[in-house]
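Trainee: okay, predicted coordinates and the sequence, questions at the end:
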Amino acid sequence: MSIILNHTIVPSRNKKEAAAWFAQVFGLSFEDAAGHFAPVRLNETLTFSFADEASFERHHYAFHVSETEFDAILHRVKERGLAFGSAPWSQGDSKLNDWNGGRGVYFENVDGHLLELMTVAQ
């Protein structure tokens, strides 16, 4: 059996707001909070479970996406007027990177977590 990540907890100031934001930007579904968590299913095996936390450290979440998904997500990032950039240290340069022969971009979610999209996995 291969090891597959099933879910991860994403700390947030407002779990419903953060889950709804994430689902909208990534083109996913969010129905409602389920008890302690506000879950967003990314695919058949992975769920992000947003949880209310008073304080937390900023995290980095990297996503390998198709070219089509990349374009759609980046379009929604731009529609929202979010800053984006080519590297973690240049999140506001409005550029993409071409690392590993693909395209990549970084931007922050509503809680300051760094989100990365890449079309070629590292």
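Mentor: Now that the structure is in, tell me what you want to look at. Numbering: from 1, shown residues only.
Trainee: mind giving me the domain ranges of this structure?
Mentor: 1-54, 57-122 (automatic domain parsing).
Trainee: host element of Phe22?
Mentor: Following DSSP states H and E, one finds Phe22 within helix 15-26.
Trainee: Glu116 now?
Mentor: Using DSSP H and E, Glu116 falls within strand 114-118.
Trainee: other SSEs contacting that strand?
Mentor: strand 60-64, helix 67-79, strand 104-108 (3 or more Cβ pairs under 8 Å, 6 or more residues apart in numbering; DSSP states H and E). The C-beta positions use only the backbone N, C-alpha and C, and glycine is treated the same way.
Trainee: most tightly packed of the ones you listed?
Mentor: Of all the helices and strands packed on strand 114-118, strand 104-108 has the most neighbours on average by mean count of other Cβ atoms under 10 Å, namely a mean of 21.
Trainee: give me the number of residues near Gln122?
Mentor: 10 (other Cβ atoms under 10 Å).
Trainee: could I get the contacting residues of the nearest residue to Arg76 once chain neighbours are set aside?
Mentor: Leaving out its chain neighbours, the residue that sits closest to Arg76 by Cβ to Cβ, 6 or more residues apart in numbering is Val25, at 5.0 Å. Each residue near Val25 by Cβ atoms under 8 Å, 6 or more residues apart in numbering is listed here: Ile73, Arg76, Val77, Arg80, Asn109.
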